[in-house]
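*Asks:* Task: produce atomic coordinates for the following.
(chains A and B)
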Amino acid sequence: MATYSGVSFDLGTIAATGIESSVTGRIRLISELDDIDALSRTYRARLIRFVAYSTGDPDLAETIAQDTLLRAFNGRENFRRECSVSTWLTGIAINVLRNHQRTERYKFWKKVKSNAMDVHEMASFLPADGSGPESQMLAKERVEQLARILQTLSNNQRTIFLMRFTEEMEVADISEVLGMQVNTVRTHLHRALTAVRGQLGAKL
Amino acid sequence: MTPGQSAHLSEEAINDVLIGLGTPESDAHLAHCSICSSKLTEFHSEMEAFNRSTLAWSEARPMGRLAEAPMSKVREAMFSPLVWALAATILVAIGVPLWNHGGHHPPLNNASVPVSVSQDSEAQIAQDNDLLRSVNVALNENEESPISEYHLLGASHPHARTRPELRKP
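*Replies:* Numbering: from 1, shown residues only, chains lettered A, B, ... in the order given. Just a heads-up that it's a prediction; the model follows:
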C-alpha cells in the first residue's frame, strides 16, 4: 500500500491490473496478426485504397496489399505495439511500394500505361446516407472532384495527404514511416490542403 | 488568426488545425466562431464522403488468395538479369551440342546408311528371289517333306518349286 497526496494506492492491484491489460492487449494483437485471413479481411481494403489513390494504379495496389499482408504475417513477431496495426501496415506498404517502384518492370509499365483510375466509377460506390437523390448526386460529384484534385498533387503531397486524412495518421507517425522530417511533412500537408481546399471551393 | 485584419482564422491557421497542430488560441476561436468552424466541418464532411466511397470501391474488388502472392515473386524473378543469364547458359549448353551433332559432322559413310525398300530395283528383287530360292533348295535337299506321306503334291502345287525332290517320280 502506498500513499500519494493523501490518497492510498494498492500497488499490487495496480501492477496486476497493468499486467493483465497488457497481456490481454498482447493476446488480442497476437491473435489478430496470427490469423492471416482475419488480417486480410480487416485491412486489405484499406491498403488497396491507400495504394490505389497514392499511385493511381488499382492493379498495383492489389499486388502491394497482398505483399504487405504476407510480410506483416511473416514478420508479426517484430511488431512492437509502438503504433496501431493499421499504421504498422501502412509503413510496410510504403516500403513494399518503394521497392516495387525501383524495379525496371514498374518503370516500363509506368511509361506504357495510362492512368487507370476511374474516378467516376469510384464515386459511384458512395454508399447512400439517407439523403435525397439530389444530395446524393451532389455528394458523388464532390467525391469525384476531390479524387481528380488529388491526382494533380505531387506524389509526396498526395501520399501524405492520404496518410493524414484517409488513414488518419498523426504527423509524427507519417514522419517516422516515411523517414521524413516533421517540418517537411507539415509543408507537404499545407501545400496539399491549400490545393484541395482552394479547388474544392472557397467555402472550405 | 490575423488580428487587426480579420476576426477569423487565416487559411494557414485552419490548415494547421486540420493537420492536428492547432494552438490554444485557434481552438478558443473555433469554439465560438461558426464561420471558421463550418470550414472545418465542411472539409471533414468532404473527406468522410471520399473515404466512405473509396473504401466501398476497394472492398468491392475481388479478393485474391494470399497464397497466390509468392507467384508474383516468381514473376519478379523472371525479370532478374541473373535468371536470364542462367536461362541463356542452359540454352547454349543444350543447343551447341545439338547444333554440332546435326550440322557439323561430316556426312556418314554410304555403306552405313540403310537403303530403303522403295529404292530397290526390279533386278535387285529378282536377284534376291533367286538367292532365297537357292537357299530353300539347299535346305530341303536331304529333308523329306512332312506332307509327302499324303501324296498331295502335284505339278501345280505352289510349293513344288521349293521341293524339287518331290517332283521326282
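
*Asks:* So which residues of the chain form helices?
*Replies:* Reading this off chain A. Ranges of helices within chain A are A:11-34, A:36-55, A:58-74, A:85-101, A:104-112, A:119-123, A:133-152, A:155-165, A:171-178, A:182-200, based on DSSP state H.

*Asks:* oops, I was thinking of chain B
*Replies:* In chain B, the helices defined using DSSP H lie at B:11-19, B:24-32, B:34-59, B:69-77, B:81-103, B:122-140.

*Asks:* And the third one, what's buried?
*Replies:* Within helix B:34-59, the residues scored as buried using 16 or more other Cβ atoms under 10 Å in any protein chain shown are B:36-37, B:39-40, B:43, B:46-47, B:49-58. Where you see a C-beta, it was placed from the backbone N, CA and C, and this is true even at glycine.

*Asks:* residues touching residue B:60, list them.
*Replies:* Neighbour list for residue B:60: residue A:125 [criterion: Cβ atoms under 8 Å, 6 or more residues apart in numbering or on different chains].

*Asks:* quick one, phi psi at it?
*Replies:* Note on residue B:60: backbone dihedrals following degrees, to the nearest 10 are phi -80, psi -10.

*Asks:* My read is that residue A:57 contacts residue A:118, right?
*Replies:* No - here residue A:57 lies out of contact with residue A:118, judged by Cβ atoms under 8 Å, at a distance of 11.9 Å.

*Asks:* ok, is stretch B:38-48 in contact with chain A or not?
*Replies:* Yes - judged by Cβ under 8 Å from any Cβ of the partner chain, stretch B:38-48 comes into contact with chain A through B:38, B:39, B:42, B:43, B:46, B:47.

*Asks:* Model confidence for residue 37, exactly?
*Replies:* I went with chain A, as the question did not name one. On the pLDDT scale, residue A:37 is placed at 86.

*Asks:* not quite, I wanted chain B
*Replies:* What the model reports as pLDDT for residue B:37 is 93.

*Asks:* before we move on, what about residue A:170?
*Replies:* In this prediction, residue A:170 carries a pLDDT score of 92.

*Asks:* Which helix or strand in chain B has the lowest average pLDDT?
*Replies:* helix B:69-77 (a mean of 50; mean pLDDT, DSSP states H and E).

*Asks:* I misspoke; the intended subject was chain A.
*Replies:* strand A:7-9 (a mean of 36).

*Asks:* okay, now the domains of the chain?
*Replies:* The chain I'm using is chain A. Per automatic domain parsing, the domain ranges recorded for chain A read A:1-34, A:35-116.

*Asks:* Chain B, not that one
*Replies:* Structural domains assigned to chain B are B:11-59, B:122-167, following automatic domain parsing.

*Asks:* Need the winner for burial among the ones you listed.
*Replies:* domain B:11-59 (a mean of 17; mean count of other Cβ atoms under 10 Å in any protein chain shown).

*Asks:* Quote the end-to-end distance of it.
*Replies:* Start and end residues of domain B:11-59 are separated by 35 Å (Cα to Cα, to the nearest Å).

*Asks:* cool, stretch B:11-28 as well?
*Replies:* With Cα to Cα as the measure, the ends of stretch B:11-28 fall 16 Å from one another.

*Asks:* Spell out whether that stretch and chain A are in contact.
*Replies:* Yes - between stretch B:11-28 and chain A, judged by Cβ under 8 Å from any Cβ, the touching residues are B:11, B:12, B:15, B:18, B:19, B:20, B:21.

*Asks:* Kind regards, and thank you for your time.
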